[in-house]
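Predicted model follows, preceded by the sequence.
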Amino acid sequence: MSENIFEGKTVEEAIELACRELGLPREHLNIEIISTGSSGVFGLGLKKAKVRVSVPVPEAQPEEPGTEKADPKQILQELIALLDFDLTVESSIENGFEVLNLRGKDAGLLIGKQGQTINALQYLLNKMLSKVAGEKIQVVLDCEGYQERRKAYLTEMAMRLKERAQKTGRSFYTDLLNSADRRAIHIALQNDPVVKTKSIGDGLLKKVAVFARERGKAKGMSR
């Protein structure tokens, strides 16, 4: 905050000069009177009035959590650049969710075995977006239609296990699956009148059991 000294025959004249010089109204200035001046006697001993004037600088207001806009596409592009993948990002809205679809020659590398790499990147992206926004953000990450192909594969698997459980009355199990894949199995069979599903195991990866319903039991599923 810089300060300036202004003089005039009177305090009011000194303040008016300060307003003209600084181009601001007096209510926007900090004004301190140094001396009121003196007219002297018969013009002798004349002293001018002095004021010290400064322009207050507004303090920067701290940004409240959640006021910063999270840009999913931009953040994903930065992650892709760090990974040195040759991919482009396309954004769309599907079923109320933002879907980021990646295309390019490194698509196979990004997907990984059973989608492990793309699922891990989606988890990381959502964590970063949520931290920036100050609230939970959920986007779907896809790569050249992989998620739809994976969903179709899991639905077909669920139907095969259902047929086997229905024919034999025994329980059949998937391989170890992540939560998204388990959910696809559960959803595929959640309204089936013959079989039901249940997640088995501990940790992030679990199997899904498919087994015949007991007659009279309500429909349900467990993730």
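Arrived safely.

Wait, Ala14 touches Val51, no?
Yes. Ala14 lies in contact with Val51 (CB atoms under 8 Å); the separation is 4.6 Å. (Glycine included, C-beta is placed from N, CA and C.)

how far does stretch 173-184 sit from the chain's center?
27 Å (CA atoms, centre = their mean, to the nearest Å).

least trustworthy helix or strand in the chain by mean pLDDT?
Lowest by mean pLDDT, DSSP states H and E among the helices and strands of the chain is strand 221-222, with a mean of 49.

Once you drop chain neighbours, what's closest to Lys50?
Residue nearest to Lys50 in three dimensions, not counting chain neighbours: Ile34, with 4.0 Å by CB to CB, 6 or more residues apart in numbering.

Kindly confirm whether my reading is correct that the one you found touches Glu3.
No. Using CB under 8 Å, Ile34 makes no contact with Glu3, being 10.9 Å away.

Relative to Ser171, how far out is Ile185?
Note on Ile185: its distance to Ser171, by CB to CB, to the nearest Å, is 14 Å.

Overlap of the contact sets of those two?
Val210 (CB atoms under 8 Å, 6 or more residues apart in numbering).

burial of Val195, as a residue count?
20 (other CB atoms under 10 Å).

typo on my end, Arg52
Arg52 has 15 nearby residues by other CB under 10 Å.

got the contact list for the strand or helix carrying it?
Assigned by DSSP states H and E, Arg52 falls within strand 49-54. Identification of contacts with strand 49-54 by CB under 8 Å, 6+ apart yields 1-11, 13-15, 18, 22, 29-37.

Which element is encountered next along the chain beyond it?
helix 72-83.

Alright, I will stop here.
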